[in-house]
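>>> Please work out how this folds:
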Amino acid sequence: MRCFAFFFVLIFSVNGYSQDSTKVDSVLSNSADKFTIKNSVNINGVYEGFSYEEYIWSDRRSLPEIFQTRNNYRVYNKGNGQNNIVIFDDFNSLRYYKDGFKINSFDTELISINEVDKVQEMSIISSMLYSDYINEGAVVNIVTKDVIQNEPFSQLRYTQDRYGALAADVYFSQSLSERLNYQFGVTNSSSDGRYTNSRFSKWAGRFRVNYFINSDFNIKSNFNFATIDRGDFGGLINDSSQTVVNDTLKNYLNHLTINTGLYFKPFKNKNNLSKILFSFQRYGQDFYNPQIREHSPAYSNSYNLILNQIINIPFQAFNSSYLEFYSSIERIENQTNSFNYLNIFSRFELSNNKLLLAGYLNLKSNDVQNTFNSPTSGWTHKLIPGIEVDYTAYKDEIFRLKFYSGVNYVGEKNSDNSIKSNINGLIGVGINYYDLYFKIQYLSNGIINNLEYNSNIPVYENIFNKSFSVKLKYHISNIYFDITNDFYPDKENLNILNGNIYYGNKLFKDKLDLRTGFLVKYYKGITSLYNYKTANTIKNDVINLDFYVGARIGSANVSFTLANLFNRFNYDTYLYPYDDRGGLLNLVSRFTIVWDFLN
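Have a look, this model is predicted:
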């Protein structure tokens, strides 16, 4: 099956190469994307971003592997092929959007790393606009590859890893005319697993149609389907044995997404943009215990309609100024309950060369209904104002100093008339000096009070989570340093350090682009639950060192990874070891090639 998957994607790529490109060019202008509305799939707010190309050299196999190298993220790492949940600021799980559409019941294996073009990391203040009613964690928007060009484009990614792990992904795009483009992708990955009952298998497919009616009206439709079969081994019982918690439980998952987006500019000012987005998702899951022949199926259907309007309002003092209106109506149904969500916000943003000022007012409403006709819990509501400021105090060719801050307030009224309030805030400073970049940020979130209206005595509580994060980037000659550090004083002084130190240069008359270096991860004082039956915990330090070689030759990126050079057995998340390489023979962990087969 694994060999079949590799040859399957290879044959598709070869077939794409054999197509008559002259016939396609005859209906295309010099610029096939001249009707494309740029950045239409982005979500608005204050954000940082990164491109997948930044991580292709050191071969990150999944989005969680990328996030765990960046500030404020922590991954509940269960191993290759498992659902490795990403936590932001040790507070709430990350919420995912894909091309502006929210993904419900997200499994981190549902998106192939080869789909990703770039990722918008919304600030914790802007994230509130797109987060769930209950889950107020950080939000990211995954912008997928959308190659629009005259000639066909095809890309193949193939990875071979330890323990029989293989993964292949092919992406193909072709424009039939200057107004019509189609794309598809196929992913197959599998692994025998490191431990008993940790095998994994996945098939996934995606299809997209872009129809550019004109430069003011675009339609994008997507179809995605994935099926996953994995052993749910539950982690290890302790660090001195390879005995797993569950050696038989199976997990079967399938996920279907169909969405369509209409993007248009109905007004004379072409900086205005209107969006109408509709999405349907079906998520099915089944846990099967073969010992007792028992199935535990579950499903979730979601329907989501988003209306979004951006109106550009010119101000002489600002280069960019706009007002945004956004409304999202969503219904989620599962085997026991149905949920109705309403999310409405209005946001403004003003910016020039020195100042960015943004503010919003957000209303969220939630209603839960029991499928068995029990009384509803009633509507609950949240009102959330927020503001963000980014100010460049000084800037010249050598030195730049920037300050930024933001705060929002969440007031929630429940159906029993109780009110709960919480506040999120951040403040930071960024410095550029020659080839040095330095950023330090303070982030705080938590409940500030909980007032019961039905009680004569108000109840107050203060539960704050605080963190400090530092990012340092520097290069001298051809040596580069990229280091992040997160410190959590409220988590028993948990300290997380990530580093990428590498040599980068173009050699042989620029025909070889080479990067080689070390990836370092260090956790100080992490507390991990390793046996859920007895709730025992261990507190240890985690250190992991990888060596990699990445090179681009022509249209192909090739990388080799020698992982866990210290051969350490580390726990960083609950029952699961962070990285157990199994000794010297498994040191060469993987080989990956990403090849623009047809471009």
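
>>> all contacts plus neighbour counts: C-alpha atoms, from now on.
OK.

>>> Direction included, what does the helix or strand hosting residue 597 pair up with?
Residue 597 is located in strand 588-598, with elements delineated by DSSP states H and E. Here strand 588-598 has these sheet partners by DSSP bridges: strand 153-161 (antiparallel), strand 556-562 (antiparallel).

>>> buried residues in it?
Residues 588, 589, 590, 591, 592, 593, 594, 595, 596, 597, 598 are the ones in strand 588-598 that count as buried (16 or more other C-alpha atoms under 10 Å).

>>> Also stretch 252-266?
Within stretch 252-266, the residues that count as buried by 16+ other C-alpha under 10 Å are 252-265.

>>> Ok, which of the strands paired with strand 588-598 comes nearest residue 369?
Taking C-alpha to C-alpha, strand 153-161 is the member of those nearest to residue 369, at 44.5 Å.

>>> and that closest one, average pLDDT?
Average pLDDT, strand 153-161: 93.

>>> which helices and strands sit right next to the next helix-or-strand element following that strand?
Of the helices and strands lying after strand 153-161 in sequence (DSSP H and E), the nearest is strand 166-175. Applying 3 or more C-alpha pairs under 8 Å, 6 or more residues apart in numbering; DSSP states H and E, one finds that strand 166-175 makes contact with helix 2-17, strand 153-161, strand 180-191.

>>> Run the angle between strand 166-175 and strand 588-598 for me.
On the basis of axes from the mean of the first three to the mean of the last three C-alpha atoms, to 10 degrees, strand 166-175 is oriented at 20 degrees to strand 588-598.

>>> Now residue 108: phi and psi?
phi -60, psi -10 (degrees, to the nearest 10).

>>> Would you enumerate the residues in contact with residue 308?
Residue 308 sits next to 274, 275, 276, 324, 325, 326, 327 when contact means C-alpha atoms under 8 Å, 6 or more residues apart in numbering.

>>> Swap in 6 Å and give it another go.
274, 275, 325, 326 (C-alpha atoms under 6 Å, 6 or more residues apart in numbering).

>>> Provide the contact partners of the host helix or strand of the first one at residue level.
Residue 274 is part of strand 273-289 when elements are defined by DSSP H and E. In this structure, residues lying in contact with strand 273-289 by C-alpha under 6 Å, 6+ apart are 249-265, 294-310.

>>> which residues of the chain fall in helices?
Taking DSSP state H as the criterion, the chain contains helices spanning 2-17, 21-25, 63-67, 124-127.

>>> I'd like to know which helix or strand in the protein has the lowest mean pLDDT.
Ranked by mean pLDDT, DSSP states H and E, the weakest helix or strand in the chain is helix 21-25, scoring a mean of 34.

>>> picking that back up, weakest of the helices and strands packed on strand 166-175 by average pLDDT?
Among the helices and strands packed on strand 166-175, helix 2-17 has the lowest mean pLDDT, at a mean of 43.

>>> Leaving out sequence neighbours, find the closest residue to residue 218.
residue 212 (4.5 Å; C-alpha to C-alpha, 6 or more residues apart in numbering).

>>> per-residue pLDDT, that neighbour?
As predicted, residue 212 sits at a pLDDT of 95.

>>> Just give the number of residues close to it.
A count of neighbours around residue 212, defined by other C-alpha atoms under 10 Å, yields 22.

>>> so how far is residue 264 from it?
10 Å (C-alpha to C-alpha, to the nearest Å).

>>> likewise residue 97?
Separation of residue 97 from residue 264 (C-alpha to C-alpha): 21 Å.

>>> go on, residue 411?
As judged by C-alpha to C-alpha, residue 411 and residue 264 stand 35 Å apart.

>>> Kindly report the same for residue 327.
In this view, residue 327 and residue 264 are 17 Å apart by C-alpha to C-alpha.

>>> Then residue 308?
Relative to residue 264, and taking C-alpha to C-alpha, residue 308 is found at 11 Å.

>>> Repeat that for residue 559.
Noted for residue 559: a distance of 41 Å to residue 264, by C-alpha to C-alpha.

>>> quick one: which of the contacts of strand 273-289 sit in strands?
When strands are assigned by DSSP state E, the members of these inside them are 250-264, 294-310.

>>> Next, the distance between the ends of stretch 121-136.
Start-to-end span of stretch 121-136 (C-alpha to C-alpha) is 15 Å.

>>> how far is it from where the chain is centred?
A distance of 13 Å separates the centroid of the chain from that of stretch 121-136, by C-alpha atoms, centre = their mean, to the nearest Å.

>>> Please apply the same query to stretch 219-229.
Taking C-alpha atoms, centre = their mean, one finds stretch 219-229 lying 17 Å from the centre of the chain it belongs to.

>>> Give the rounded mean pLDDT of that stretch.
Stretch 219-229 shows a mean pLDDT of 97.

>>> Please apply the same query to stretch 395-414.
When pLDDT is averaged along stretch 395-414, the result is 90.

>>> For it, list the C-alpha coordinates in CSV.
Provided in CSV are the C-alpha atoms of stretch 395-414 (Å, rounded to 0.1, in the frame of the first residue of the first chain):
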residue,chain,number,x,y,z
LYS,A,395,13.4,54.2,12.7
ASP,A,396,16.4,54.7,10.4
GLU,A,397,18.6,52.5,8.3
ILE,A,398,20.4,51.1,11.3
PHE,A,399,18.1,51.2,14.3
ARG,A,400,14.3,50.7,14.9
LEU,A,401,12.4,50.8,18.2
LYS,A,402,8.8,49.7,18.3
PHE,A,403,6.3,49.4,21.2
TYR,A,404,3.0,47.6,21.0
SER,A,405,0.2,46.8,23.5
GLY,A,406,-3.4,45.6,23.6
VAL,A,407,-6.2,44.9,26.0
ASN,A,408,-9.8,43.5,25.8
TYR,A,409,-12.5,43.0,28.4
VAL,A,410,-15.0,40.1,28.3
GLY,A,411,-18.3,40.5,30.1
GLU,A,412,-20.5,37.4,30.1
LYS,A,413,-24.1,37.1,31.2
ASN,A,414,-25.4,33.6,31.7
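
>>> Show me which residues of that stretch are buried.
Residues 400-413 are the ones in stretch 395-414 that count as buried (16+ other C-alpha under 10 Å).

>>> Run the chain-centre distance for it.
Stretch 395-414 sits 22 Å away from the centroid of its parent chain (C-alpha atoms, centre = their mean).

>>> Contacts for that stretch, please.
For stretch 395-414, using C-alpha under 6 Å, 6+ apart, the contacting residues are 380-394, 419-434.

>>> Mind doing that once more with 7 Å?
Applying C-alpha atoms under 7 Å, 6 or more residues apart in numbering, the set of residues contacting stretch 395-414 from outside is 125, 380-394, 419-434.

>>> Show me which of the residues you listed are buried.
For the contacts of stretch 395-414, a burial check counting by 16+ other C-alpha under 10 Å picks out 125, 380-392, 419-432.

>>> now stretch 37-52, how far from the centre of its chain.
Put simply, stretch 37-52 sits 13 Å off its chain's centre (C-alpha atoms, centre = their mean).

>>> State the mean pLDDT of it.
Across stretch 37-52, pLDDT averages out at 93.

>>> Can you list the buried residues in that stretch?
Applying a neighbour-count criterion of 16+ other C-alpha under 10 Å, the buried positions in stretch 37-52 are 37, 40, 41, 42, 43, 44, 45, 46, 47, 52.

>>> what residues are up against the residue nearest to the fifth one when sequence neighbours are not counted?
Going back to what we said before, that points to residue 43. Counting by C-alpha to C-alpha, 6+ apart, residue 100 is the residue found nearest to residue 43 once chain neighbours are left out, at 5.8 Å. Residues near residue 100 by C-alpha under 7 Å, 6+ apart: 41, 42, 43, 141.

>>> one more time with 8 Å
41, 42, 43, 141, 142, 143.

>>> next one: residue 384
Residue 384 neighbours (C-alpha under 8 Å, 6+ apart): 361, 362, 363, 408, 409, 410, 411.
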